[in-house]
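Student: this one's sequence-less:
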Ligand code: SF4
Ligand code: FES
C-alpha cells in the first residue's frame, strides 16, 4: 500500500528507499502466480502463503493480486477450462446460443465446474478473436466460429478423456463464399 | 500491408548510426503518433523520459489490447513480432534503457512462446545489453491503462492511479518509463528505415454482423462505404460501434473516417475497431452487452464507475423488459454523464459513451421497448 501512496504524490522527487528495495529484489509477481497456478491447478491458500514468504510480501497482497485478476483462480478449477467470450462481436454472432448450449451440455452454470472435475466454464471479455466470433478459449487455445454441433462433439470428447488435458477443439464452421 | 513489412535489424543499425537525437528527429519529421487512441507524438513522449536526470529508464510494450472488437495487435504479434521487438530495442537505445517489459494479455498466452523466442534471438543478434521480460497479464481490461499496467507489473492489483506524475516522468519503481503499444513499436523501425513510410495508414479491425471480418490497413479519411465493402455485410447495416468505449453511430456511407469527423458524431475512434450492427438488431441490446462489459471490468477504485455501471446495467435491463418509463431514460442519461464526469481513468470516463450516443442516434430503438 505504501508503494501505491507514493505513486500518487504530485511532485517529482528522488527515487525513495522503498522503491529502490522493491526494484532490486524483484520478480514479476504475476509471472510467479501464473507458474504456481500451472503447477497446482489453482492458487490455494497454502500456495499464496508460500509465495508471500518467498517474495517477502504480505499474504494480503498476494491474495489481493490473485483475486483481482480473472484468469488467476483462487478456487479449484476443472482439468479443462473454457473461457467463453461475452463481448458484443461474439454476442452479435450467436454467442448467447453457444453459452446456453455449453451450459446445457455440461449441466452447470457459468463459473462452475462439472461434478466430475473435468470442465470449468467461465465467461470473459473479448479474447481478441472477434474475426472468428463466436469464440472461446479452451485451455488457453482459441476456438473460433463455434457451432452447437462442434460444441457437443468437443464436450463428448472431453468427457471420455479421463485424466490429463483433453485438447479436442470444436470444428470450424465452413466458410460460405 | 505496411505494418507487416520486416526491417530485419537494419533499422536498429540505422538508429545507431543516427544517434539518439537523430532518431527522435526522424520520428518527429515522419509524424509518428501513438496508435492506442490518444495519438500522442512518440518522439515527444520519448523526449519527456529523456529529460529526467536518471541512469535507469524502462520501456514497456503494451500488448494488452482488450477493447472488444480489436484484434490488430494479435495480428502483429503473430505475423511480425520481430519488427515490434526491434522497435523496443531502438527505444532502449534512444533512452538508454537496460530493461524492457512486454505486458502480454493472458488471452494471448498461446503467442507467448514464439514472442519470447523472437525477443531472445533479436537481443542476442543486436549485441545490446538489454533484457526483455514478458509479463503475463491475467485478464484485466483495465491493465491497458498506462498507470494500471505499471501497478500490475510491479505486483499490485491493476488499478489506475492519479496523474500526474506521468509514467514518462515517474513510472516503474519511480523511474521514467515509456509505454507504447504493439502497433506503435512496430511502426518505429518501419518509419526509420523506409522513406515511403506512410504516417496516415491505420489498422481497422472490422467485426460484427459481417461475413468477412478482419484487419484492414487504410489511410485516415477512408470512406465508411469502403470498409463496408471490405467487410461484406449480409444484411443492410444500421449502426457501428467503436469498440465498447467509443460510442455507437449510424452507418453513414459517405463519411470519411477521421478523428474529427468521428468526434462530430460524439464518438471516439480509439484503435479504430469497428463493430458493425445490422438492421435486425436493436441497439439497446448492444448497449446492454456493453454495460455488462463495464460492470465486469471496472477496477472498483472509484464509486461512480464501480456502482454507477451496475445501476446502468439494471436500468438497461429494465428498458429491455419493457417496464421502463420516460423518466428512466432521463436517469440513464444523467447517470452516464455523472459517471463520465467523476471517474478517475479512461475506462470510467468513456463508460457512458455507448448509451449516450445510442440515445442520441437511435431514439427509435429505445421507443421500441417503451411501447411494449
Ligand atoms: S474509472 Fe473505473 S476503472 Fe478507472 S480507476 Fe475508477 S473504478 Fe477503476
Ligand atoms: S468480441 Fe468475442 S472475441 Fe472479441
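Tutor: Cool, the structure landed. Because the structure is a prediction, the values reported are computed rather than measured. Ligands and ions are numbered 1, 2, ... in the order given.

Student: ok, how many other residues are close to residue B:15?
Tutor: 24 (other Cβ atoms under 10 Å in any protein chain shown). Every C-beta, even on glycine, is put in place using the N, C-alpha and C of the backbone.

Student: Look up how far residue B:5 lies from it.
Tutor: Applying Cβ to Cβ, to the nearest Å, the value for residue B:15 to residue B:5 is 16 Å.

Student: so what's the residue nearest the centre of chain A up against?
Tutor: With distances taken as Cα atoms, centre = their mean, chain A has residue A:71 as the residue nearest its mean C-alpha position (2.7 Å). Residue A:71 is in contact with A:83, A:124, B:106, B:137, B:138, B:139, counting by Cβ atoms under 8 Å, 6 or more residues apart in numbering or on different chains.

Student: Excluding chain neighbours, what is closest to it?
Tutor: residue B:139 (3.6 Å; Cβ to Cβ, 6 or more residues apart in numbering or on different chains).

Student: same thing with residue B:272?
Tutor: Nearest non-adjacent residue to residue B:272 (Cβ to Cβ, 6+ apart): residue B:204, at 4.8 Å.

Student: and that neighbour, bridged to which residues?
Tutor: In this structure, residue B:204 bridges to residue B:216 when assessed by DSSP bridges.

Student: Now do the buried residues in stretch B:264-278.
Tutor: Buried residues in stretch B:264-278, counting neighbours by 16 or more other Cβ atoms under 10 Å in any protein chain shown, are found at B:265, B:267-278.

Student: Now go through those and say which are in strands.
Tutor: B:273, B:274, B:275, B:276, B:277, B:278 (DSSP state E).

Student: Make TSV out of the buried residues of stretch B:264-278 and add pLDDT.
Tutor: Listed next are the buried residues of stretch B:264-278 as TSV, based on pLDDT from 0 to 100:
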residue	pLDDT
B:265	89
B:267	90
B:268	90
B:269	89
B:270	88
B:271	90
B:272	92
B:273	94
B:274	95
B:275	96
B:276	95
B:277	95
B:278	93
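
Student: Can you tell me which of those is nearest ligand 2?
Tutor: Among the buried residues of stretch B:264-278, residue B:275 lies closest to ligand 2 (Cβ to the nearest ligand atom), at 7.8 Å.

Student: Would you check that that closest one makes contact with residue B:240?
Tutor: Yes. The criterion here is Cβ atoms under 8 Å, and residue B:275 meets it with residue B:240 at 6.7 Å.

Student: list residues touching both of these two?
Tutor: With Cβ under 8 Å, 6+ apart, residue B:275 and residue B:240 have common neighbours residue B:208.

Student: Tell me how many other residues crowd residue A:63.
Tutor: 17.

Student: Give the buried residues for the helix or strand hosting it.
Tutor: Assigned by DSSP states H and E, residue A:63 belongs to helix A:59-68. For helix A:59-68, a neighbour-count test (16+ other Cβ under 10 Å) marks A:61, A:62, A:63, A:65, A:66, A:68 as buried.

Student: now stretch A:138-148
Tutor: Using 16+ other Cβ under 10 Å as the test for burial, stretch A:138-148 gives A:138, A:139, A:142, A:143, A:144, A:145, A:146, A:147, A:148.

Student: before we move on, what about stretch B:33-47?
Tutor: So, applying 16+ other Cβ under 10 Å, buried residues of stretch B:33-47: B:33, B:34, B:35, B:36, B:37, B:42, B:43, B:45, B:46, B:47.

Student: Return the residues in contact with residue B:108.
Tutor: Counted by Cβ under 8 Å, 6+ apart, residue B:108 has contacts A:128, B:63, B:74, B:77.

Student: Need the three-state assignment for it.
Tutor: Secondary structure state of residue B:108, per DSSP: H, G, I helix; E, B strand; the rest coil, is helix.

Student: now do residue B:133
Tutor: Judged by three-state DSSP, the three-state class of residue B:133 is strand.

Student: and if you look at residue A:81?
Tutor: With three-state DSSP as the basis, residue A:81 sits in strand.
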